[in-house]
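Novice: okay, here's the prediction I keep looking at, along with the sequence it came from:
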Amino acid sequence: MTKSPKLSRRSDISPFLAMDALREAKELERAGRQIIHMELGEPGAPTPRAIRQAAAAALSQGQLGYGESLGNLALREQIAAFYEQKYHVKITSERVVITTGSSGAFLLALIAGFDGGARIAVTQPGYPAYINILTALGLETAPLSLDFENNFTPTAAMLAASHQKEKLQGALFMNPANPTGTMISNRELENICRFCELENITFISDEIYHGLEYEKHAQSALCFSKNAIVINSFSKLYAMTGWRLGWIIAPLTWVRALERLQQSLAICPPTLSQTAALAAFSASEEVEDNRLIYARNRQLLLERLPAMGLTRFAPPDGAFYFYVDVSHLTTDSLSFSRRLLLEAGLGVTPGVDFDPQKGGSWIRLSYAGPEAEIAEGVARLADWLAPQ
């Protein structure tokens, strides 16, 4: 009997538990169960009509061949204009690189910016794919421990302490954050940018949830640093998750390297998605309508969670998540979440997906779904917790 080919050590990464939870929820649905989905950060609203119409028109013409590796020039120009309009930051379209979702952007930026063994600061709790991608690329992670007491937000002082312990080559932060929904204040973001420039640390700012804010507004790192690497995507704000389209804004000195990498790793971003996305910036009315749905869902959770005894959660400044302390109920959030799915038909994500050390006492609730579904999910959670 022949042996199977060996797997690399780089491939031995942790599973993305939110996706595992979705798979199990889908299996239950195929078996006839009615499941409420609060486990996945995916907009419940459809992609705005103008975007879908642009895609349909492109399909009818049938011209969907390869595009330029840096992306559609008209779309790059629109993105550059968007930054000037929204953030009052002037960038040229040459600095914009269109990618296959923000995931493709992370791969390009991390390969372009760091050699193997480089040490990159990330937050904990934080988006689990960061550590998995860094590990697969042979990079070292330097987790910054966040908690309820420090408002789940990183600071320049935390970066400085980590850098003093062992030199950092990079920092990768999301603002607003997943899983917490917290936002770095503008003043602290400026401090982080200044520290990174002073210490020659490459700062990558993941701004995928920009535009999904409620009581205060997130500022782009580009407002404070011309050297920040900014990553964003059409997935969340424009409800285009499956279209797999994102972008990087990088210094001009990076662009040719990013182009060379994209030529070999993806050839080009998806042509159909780019054509459709040309209509995204004209869909502001639908985009705002969707944001207001999330705002109402957020308000429902703000009112109902404390009534269930769930009084400790990260400040949900942006995105569409609540990161909730369930330590009075469990220290095994994985089993807790699975029981909630099986017994109440409610999918949530265990906190260990975002923080292997302390996440056993936390769960993440996504309120990105339709209002009726989120209301039903909240009701199921309350009923399930009542006898606990």
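Specialist: Yes, it's here.
Novice: quick one: buried residues of the host helix or strand of residue 378?
Specialist: Here residue 378, judged by DSSP states H and E, is contained in helix 371-385. Using 16 or more other C-beta atoms under 10 Å as the test for burial, helix 371-385 gives 373-378, 380-382, 384. All C-beta atoms are positioned from the backbone trio N, CA, C, and that covers glycine.
Novice: again with stretch 190-205
Specialist: Here stretch 190-205 shows 190-193, 195-197, 201-205 as buried, counting by 16+ other C-beta under 10 Å.
Novice: endpoints of that stretch, how far apart?
Specialist: 12 Å (C-alpha to C-alpha, to the nearest Å).
Novice: try stretch 315-322
Specialist: Terminal-residue distance, stretch 315-322 (C-alpha to C-alpha): 8 Å.
Novice: can I see the domain layout of this protein?
Specialist: 9-47+284-385, 63-282 (automatic domain parsing).
Novice: and residue 55, which of those is closest to it?
Specialist: domain 63-282 (3.8 Å; C-beta to C-beta).
Novice: tell me the mean pLDDT over the closest one?
Specialist: The average pLDDT for domain 63-282 rounds to 97.
Novice: and that domain, how far out from the chain's middle?
Specialist: 10 Å (C-alpha atoms, centre = their mean, to the nearest Å).
Novice: can you show me the CA trace of stretch 376-387 as PDB?
Specialist: C-alpha atoms of stretch 376-387 as PDB (Å, rounded to 0.1, in the frame of the first residue of the first chain):
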ATOM      1  CA  GLU A 376     -36.200  35.300  16.700                       C
ATOM      2  CA  GLY A 377     -32.600  34.500  17.600                       C
ATOM      3  CA  VAL A 378     -32.700  36.800  20.600                       C
ATOM      4  CA  ALA A 379     -36.000  35.200  21.700                       C
ATOM      5  CA  ARG A 380     -34.500  31.700  21.400                       C
ATOM      6  CA  LEU A 381     -31.400  32.700  23.300                       C
ATOM      7  CA  ALA A 382     -33.600  34.100  26.100                       C
ATOM      8  CA  ASP A 383     -35.800  31.000  26.300                       C
ATOM      9  CA  TRP A 384     -32.800  28.700  26.300                       C
ATOM     10  CA  LEU A 385     -31.000  30.700  29.000                       C
ATOM     11  CA  ALA A 386     -34.100  30.900  31.200                       C
ATOM     12  CA  PRO A 387     -33.700  27.600  33.000                       C
END
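Novice: need the residues that contact that stretch.
Specialist: 36-38, 300-301, 304, 307-310, 329, 340, 343-346, 365, 369 (C-beta atoms under 8 Å, 6 or more residues apart in numbering).
Novice: same check, this time on stretch 364-372
Specialist: 18, 36-45, 179, 293-294, 296-298, 300-301, 320-324, 348-351, 353-354, 374, 377, 381.
Novice: got a quick ChimeraX command for the buried subset of the residues you listed?
Specialist: Buried residues among those (16+ other C-beta under 10 Å), as a ChimeraX selection:
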select :18,36,37,38,39,40,41,42,43,44,45,179,293,294,297,298,300,301,320,321,322,323,324,348,349,350,351,353,354,374,377,381
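Novice: that older thread, and the buried residues of helix 371-385 as CSV, adding distance to residue 9 and pLDDT?
Specialist: Shown next, in CSV, are those (distance: C-beta to C-beta, whole Å; pLDDT from 0 to 100):
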residue, distance to residue 9, pLDDT
373, 41, 96
374, 41, 97
375, 46, 98
376, 44, 98
377, 39, 97
378, 43, 98
380, 42, 97
381, 40, 98
382, 45, 97
384, 41, 96
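Novice: need those in a markdown table (columns: distance to residue 135).
Specialist: As requested, those are arranged in a markdown table below (distance: C-beta to C-beta, whole Å):
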| residue | distance to residue 135 |
| --- | --- |
| 373 | 35 |
| 374 | 34 |
| 375 | 39 |
| 376 | 38 |
| 377 | 33 |
| 378 | 36 |
| 380 | 36 |
| 381 | 33 |
| 382 | 38 |
| 384 | 35 |
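Novice: now the domains of the chain in a markdown table, with distance to residue 54?
Specialist: Formatted as a markdown table, the domains of the chain follow (distance: least, C-beta to C-beta, whole Å):
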| stretch | distance to residue 54 |
| --- | --- |
| domain 9-47+284-385 | 10 |
| domain 63-282 | 4 |
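Novice: hang on, residue 147 packs against residue 358?
Specialist: Yes - contact criterion C-beta atoms under 8 Å: residue 147 and residue 358 qualify, at 7.1 Å.
Novice: mind checking which of these two has more residues around it?
Specialist: Per other C-beta atoms under 10 Å, whichever of residue 147 and residue 358 has more neighbours is residue 358, with 17 against 14.
Novice: touching, that one and residue 149? I think so.
Specialist: No - the pair residue 358 / residue 149 is not scored as a contact, 11.9 Å apart, by C-beta under 8 Å.
Novice: check the burial of residue 387 by counting its neighbours.
Specialist: Count around residue 387 with other C-beta under 10 Å applied: 5.
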